[in-house]
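Asker: just the structure for this:
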Amino acid sequence: MFHSPAYDEPRQEAELRPITRSAGLRTAPLGVTVLLRAAFAFLALAVLGAYTLPAFADEAMRLRGDVTARGDVLTLEDLVEGAPSSAAKRPLFRAPALGATGTIQARRILEAVAALNLGAVETGGRLQVAVQRAARRVGAQEIEAALRRALETAYGVDAKSVSVRLDGDGPMLLAPVDLDGQVVALDLNYDPRSRRVGGLMTLGERQASLRVSGVVIEMRDVAIVNRTLNRGEPVTAADLTIERRPREGSPPDALASGATLVGEVAQRTLSQGAILRTGDTAPPELVARGEAVTIVYESPGISLAMRGQATDAGRLGATVNVVNIASKKVLQAIVIGPGRVSVGPAPPQRQASAEPPTTLR
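Answerer: Sure thing, here's the model as predicted:
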């Protein structure tokens, strides 16, 4: 409840003077004709009243329930429904502070209305009215964005590569609901060594302000695994998410993009939420050890294909050893596709042996 006397007590308004009877009116005896006319007039008024009374009842003043105040004061129409237009804008009470809630005792509202001689007000059994002051709430996200903009303008800091960790439990700037515009950071101070930053957050012509401080954190994009990937399992686009993480604490070899990883396979078990690092994935092996392969020999004017068996596993472009099934000779070949290897007129030397290359027979 609000305890401020300025809020609980209504403003004193000038009282309306009651209408008085005119002096010096003469009286005369009433005749039969006059009495008959008065009787007919009374009946007419009674019939007319049967139709008009409900309409007046609908326009009776009623105490409102919970009220939301948008300004500094509460008027009669804010608190009483059906208030006459001539007095609707009369200020009665001061509104709570921005974003705050208070109560007004119903009897105080009735006293304020009675002082205006406006008639009775139906309370609906309410003993008090709750009043909430509407406010525009500028949260930590908008405040941080304003600080980053100011850092870029005043100190040349790349606003996209940093974040600001604000001090305290989520600062909140409260402003009138009709105060539009973007929050601005003024009186900015920044220490590049400690990375401490502070400033005055304002709206309008400093109509609403809040001083905040925090620490500037350098950020970077990293690829995150959305689900656990087993060793040898291929990576899809849905398995990866790019997130901004503090550079400090992230692995130096963390990958910043996952686009080139799609189609590769996990080289070890990758847990959900893990940061992808160099070597965590690799292109899939197109030739498995012991697999039957097709050996392709191509040269100008000649194209041959023969059966072979791989003695090594290899990915696209890798050099593997294969056995020519027909000649039983071991050849070096380059993987060119799933189950396909290529040998040329002068195949490369095998790294494991200094012997001259074996010719194709």
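Asker: so which residue is dead centre in this protein?
Answerer: Geometric centre of the chain, nearest residue: residue 141, 8.6 Å, by Cα atoms, centre = their mean.
Asker: is it fair to say it lies in a helix?
Answerer: Yes - per DSSP: H, G, I helix; E, B strand; the rest coil, residue 141 lies within a helix segment.
Asker: distance of it relative to residue 159?
Answerer: Here residue 141 is placed at a distance of 14 Å from residue 159 (Cβ to Cβ, to the nearest Å). C-betas here are computed from N, CA, C, even on glycine.
Asker: overlap in contacts, the two.
Answerer: Common neighbours of residue 141 and residue 159, counting by Cβ atoms under 8 Å, 6 or more residues apart in numbering, are absent.
Asker: just the helices from the stretch 201-350 of the chain, written as ranges.
Answerer: Taking DSSP state H, counting those that start in this stretch, the stretch 201-350 of the chain contains no helices at all.
Asker: ok, residue 202 - how many residues close by?
Answerer: 21 (other Cβ atoms under 10 Å).
Asker: contacting residues around it?
Answerer: Contacts of residue 202 by Cβ under 8 Å, 6+ apart are 183, 184, 185, 186, 208, 209.
Asker: near the first one, how many other residues are there?
Answerer: Just to be clear, that refers to residue 183. 22.
Asker: so it makes contact with residue 201?
Answerer: Yes - Residue 183 is within contact range of residue 201, at 5.4 Å (criterion: Cβ atoms under 8 Å).
Asker: give the residues shared as contacts by the two.
Answerer: Overlap of the contact sets of residue 183 and residue 201 (by Cβ under 8 Å, 6+ apart) consists of 138, 143, 146, 173.
Asker: show residues contacting the host helix or strand of the third one.
Answerer: Element membership for residue 146 (DSSP states H and E) is helix 140-155. Around helix 140-155, the neighbours that count as contacts under Cβ under 8 Å, 6+ apart are 157-159, 162-164, 166, 170-173, 182-185, 188, 190, 192, 197, 199, 201, 210, 212, 214, 216.
Asker: now, of these, which are buried?
Answerer: Neighbour counting by 16 or more other Cβ atoms under 10 Å classes 157, 162-164, 166, 171, 173, 183-185, 188, 190, 197, 199, 201, 210, 212, 214, 216 among these as buried.
Asker: pLDDT weak spots in the protein?
Answerer: Counting by pLDDT under 70, the chain contains low-confidence residues at 1-59, 345-361.
Asker: the lengthiest strand in it vs helix 140-155, what angle?
Answerer: What stands out as the longest strand in the chain, according to DSSP state E, is strand 208-225. Strand 208-225 and helix 140-155 are oriented at 100 degrees to each other (axes from the mean of the first three to the mean of the last three Cα atoms, to 10 degrees).
Asker: who are the packing partners of strand 208-225?
Answerer: Secondary-structure packing of strand 208-225 (3 or more Cβ pairs under 8 Å, 6 or more residues apart in numbering; DSSP states H and E): strand 136-138, helix 140-155, strand 162-166, strand 173-175, strand 196-203, strand 240-246.
Asker: could I get the CA-only coordinates of it as PDB?
Answerer: In PDB, the C-alpha atoms belonging to strand 208-225 read as follows (Å, rounded to 0.1, in the frame of the first residue of the first chain):
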ATOM      1  CA  ALA A 208      14.500   9.000 -17.800                       C
ATOM      2  CA  SER A 209      18.000   7.900 -16.800                       C
ATOM      3  CA  LEU A 210      19.900   5.200 -15.200                       C
ATOM      4  CA  ARG A 211      23.700   4.800 -14.500                       C
ATOM      5  CA  VAL A 212      25.100   1.300 -15.300                       C
ATOM      6  CA  SER A 213      28.500  -0.400 -15.400                       C
ATOM      7  CA  GLY A 214      29.900  -3.700 -16.600                       C
ATOM      8  CA  VAL A 215      32.800  -5.600 -18.300                       C
ATOM      9  CA  VAL A 216      33.400  -5.800 -22.000                       C
ATOM     10  CA  ILE A 217      33.900  -9.300 -23.200                       C
ATOM     11  CA  GLU A 218      35.400 -10.200 -26.600                       C
ATOM     12  CA  MET A 219      33.200 -12.800 -28.400                       C
ATOM     13  CA  ARG A 220      33.600 -15.200 -31.300                       C
ATOM     14  CA  ASP A 221      31.400 -17.500 -33.400                       C
ATOM     15  CA  VAL A 222      31.800 -21.200 -32.800                       C
ATOM     16  CA  ALA A 223      30.100 -24.300 -34.200                       C
ATOM     17  CA  ILE A 224      28.100 -26.300 -31.600                       C
ATOM     18  CA  VAL A 225      26.900 -29.900 -31.900                       C
END
